[in-house]
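Visitor: My questions concern the predicted model and sequence given below.
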Amino acid sequence: MDRVIVITGGTSGYGYATAEKFAKSGDKVIVVARTASAVEETKNALGVDGFAADITREEDWIALRDYVSEKYGCIDILINNAGGGVVVKPFLEQTSEQITYSIDLNLTGMMWGCKTFAPMMVEKKSGTIINVASACATHCWPNFSVYAAAKTGMLSFSKSLYVELRAQGIRVTCMIPGAGESNFSVNAGMEPYPLIMKSADFAQAIVDVCNLPMHIVVEDMTVWGIDQELIPL
């Protein structure tokens, strides 16, 4: 294939695995991350393009759009994968800064991405937006309140955005992964634990959704590792 694909959080975990799969199929992939060195390493390892940007800053999104527009002329798929736990602890123990950043990283940044790139898709009457949420969007565990609120917002936003853009030939899917092989635990200050769902497994689900005929849309998809016991509220 020969699609232009932007993947945020594309230098590690699900994003890296997804970039690798699309690149192998011949698509033009642009990985996005805050750390320029990580972007360069991923570009060299996978043979993809890259751009250093902070998804919580609208001006960075605009710079990314200008780069994609000038180099490729269009975008076919936007994968809003970047996010993180920031902190996992009781809500009353979280600082105002942690709360604000968690919302910016896991919800507002994704909205900036859609607002920035959807107009390019509207112009050509075609496009796919994948927003990567979390099982916390539909289930509850203690200490995940702010993160869960952001990811629940992402799920609701994705459905609403699809309703708005459907007539323009644009698909919007919210992907909902359970626990898997990513940097989430380490970045949130949690002890890592072995899981059967690998980054490549979830990446394959994203690729499969994007490869469906353009007249078919998946509203949302939850992907679990069969080993994850599910007994939340």
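Guide: Structure's in. What do you need?
Visitor: Distance check, the residue most central in space within the chain against Met110.
Guide: Centroid check for the chain by Cα atoms, centre = their mean gives Asn81 as the closest residue, at 1.5 Å. Distance from Asn81 to Met110, counting by Cβ to Cβ, to the nearest Å: 9 Å. The C-beta positions use only the backbone N, C-alpha and C, and glycine is treated the same way.
Visitor: returning to that earlier point: I figured the residue nearest to the centre of the chain hits Thr18, correct?
Guide: Yes - shown here, Asn81 and Thr18 form a contact pair, counting by Cβ atoms under 8 Å, at 6.9 Å.
Visitor: can you list residues touching both of those two?
Guide: Ile7, Gly10 (Cβ atoms under 8 Å, 6 or more residues apart in numbering).
Visitor: list the buried ones in stretch 150-166?
Guide: Ala150, Lys151, Thr152, Gly153, Met154, Leu155, Phe157, Ser158, Leu161, Tyr162, Leu165 (16 or more other Cβ atoms under 10 Å).
Visitor: Distance of the closest residue to the fifth one other than its chain neighbours relative to Val31?
Guide: Pointing back at Met154 there. Spatially, and ignoring its direct neighbours in sequence, Met154 is nearest to Ala133 (4.6 Å; Cβ to Cβ, 6 or more residues apart in numbering). Ala133 sits at a distance of 20 Å from Val31 (criterion: Cβ to Cβ).
Visitor: And Leu46, by the same measure?
Guide: 8 Å.
Visitor: again, but for Asp208
Guide: Counting by Cβ to Cβ, the gap from Asp208 to Val31 is 20 Å.
Visitor: which one of these two has more residues nearby?
Guide: Using other Cβ atoms under 10 Å as the criterion, Asp208 and Val31 rank with Val31 on top: 30 against 12.
Visitor: Skip ahead from the strand or helix carrying that one and say which helix or strand is next.
Guide: Using DSSP states H and E, Val31 sits within strand 28-33. Going down the chain from strand 28-33, the next helix or strand is helix 36-46, by DSSP H and E.
Visitor: Let's see that following helix as CSV, backbone CA atoms only.
Guide: Extracted in CSV, the C-alpha atoms of helix 36-46 (Å, rounded to 0.1, in the frame of the first residue of the first chain):
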residue,chain,number,x,y,z
ALA,A,36,14.1,13.9,18.9
SER,A,37,16.7,11.3,19.6
ALA,A,38,14.0,8.6,19.9
VAL,A,39,12.5,9.7,16.7
GLU,A,40,15.8,9.5,14.9
GLU,A,41,16.5,6.0,16.3
THR,A,42,13.1,4.8,15.2
LYS,A,43,13.5,6.3,11.7
ASN,A,44,16.8,4.5,11.3
ALA,A,45,15.5,1.2,12.7
LEU,A,46,12.3,1.0,10.7
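Visitor: helices or strands next to the next helix or strand along the chain from that helix in the packing?
Guide: Using DSSP H and E, the helix or strand that follows helix 36-46 towards the C-terminus is strand 49-52. Packed against strand 49-52, as judged by 3 or more Cβ pairs under 8 Å, 6 or more residues apart in numbering; DSSP states H and E, are the following elements: strand 28-33, helix 36-46, helix 58-72.
Visitor: Tell me which of those sits most buried.
Guide: Ranked by mean neighbour count, the helices and strands packed on strand 49-52 are led by strand 28-33 with a mean of 26 (mean count of other Cβ atoms under 10 Å).
Visitor: If anything else comes up later, I'll come back, but that's it for now.
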